[in-house]
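Chemist: All I have is the shape, not the residue letters:
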C-alpha cells in the first residue's frame, strides 16, 4: 500500500476561497501480495455487510440495481476503513498510538476504529462525480464531514470522538467494476472531532438522501463543511 501526501490549493481553483487542504492518496495494488490479501478480506467482509435484496422491489431490474448499490456502498465503507487504519498505523500518530478495527458495525452505535488510547473513530465515504477539487473548493457544492445522525429508530445522537472522511474520485456506482482492477485509489480527506460536532457555530443539520451509503434515507445528520473542518494532517494530530 502506497501513501502520497497531496495539497489542494482552493485559491488556484475558485476565486474567493482562501483555504488549502492537506490530504493523502492511498493506492492499493493487487499485484502486491500484501495488498491483495487486504483486498480479498475487504471483498469478503463487504459481501457479509451488504444487506439482502429488497424483496418489495417492483421488478428484477430494480432488485439487481439495489443489490449492486448495497454491495458498492459496503465496498466503499470497507476500503475507507482499511485505508485509514493502515495509514494511521504507518507511524503518523504520536506517542506510539495505533488503531484497530472493531466488531461494532450496527447503524445504532457504529464504531469503525478504536485507538489504543481509547478514542472511538467513525469513517464515512462518498463518491465525487466532478472531481476532488470540486468537492473541496466549490463554495456552493462543497462536501462535508459527516457526524452522528438521528431518526425514529435512533432519536438521540450518539457521538464518537473522531469522524474521518474518505472520497472516491468517481460515482460509487462504478466501484464494483473498479474494485476488480489492479490499482484502486482512495483519498483520505480529513475529519472533525466530537467537540466540533457539538458546536452549533461549526456544524449544520442536513437530511440524508436516497442511496446515501452513510445512513438511512430521511435521517437528520450533523455535518461540517470542509471550509470549517480539519484536513488530514490536522485530524491525525488529534488522535
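Modeler: Sure, I can see it. Just so you know, these numbers come straight off a predicted model, no measurement behind them. Residues are numbered from 1 along each chain as shown.

Chemist: Just the buried residues of the helix or strand bottoming out on mean pLDDT in the chain, please?
Modeler: Of all helical and strand segments in the chain, the minimum by mean pLDDT, DSSP states H and E falls on helix 60-87, at a mean of 82. Counting neighbours by 16 or more other CB atoms under 10 Å, one finds that the buried residues in helix 60-87 are 66-67, 69-87. In this view, the C-beta of every residue, glycine as well, is placed from N, C-alpha and C.

Chemist: Ok, stretch 8-22 next?
Modeler: Of the residues in stretch 8-22, those scored as buried under the neighbour-count criterion (16+ other CB under 10 Å) are 8, 10, 17, 21-22.

Chemist: what does stretch 88-97 give?
Modeler: Within stretch 88-97, judged by 16+ other CB under 10 Å, the buried ones are 88, 93.

Chemist: Residue 219 is in contact with residue 147, isn't it?
Modeler: No. Contact status for residue 219 versus residue 147: not in contact, 11.7 Å apart, counting by CB atoms under 8 Å.

Chemist: Which strands or helices does the least confident helix or strand of the chain pack on?
Modeler: With contacts defined as 3 or more CB pairs under 8 Å, 6 or more residues apart in numbering; DSSP states H and E, helix 60-87 has these neighbours: strand 20-29, helix 33-49, strand 99-101, strand 113-115, strand 120-127, strand 162-168, helix 175-178, strand 183-193.

Chemist: what residues does the longest one touch?
Modeler: Right, helix 33-49. Outside of helix 33-49, the residues that reach it under the criterion CB atoms under 8 Å, 6 or more residues apart in numbering are 1, 28-30, 71, 74-75, 77-79, 82, 86, 105, 179, 184.

Chemist: and if you look at the third one?
Modeler: Strand 99-101 is contacted from outside by 81, 84-85, 88-89, 93, 112-116, 121, 239, using CB under 8 Å, 6+ apart.

Chemist: Just say helix, strand or coil for residue 181.
Modeler: With DSSP: H, G, I helix; E, B strand; the rest coil as the basis, the three-state label of residue 181 is coil.
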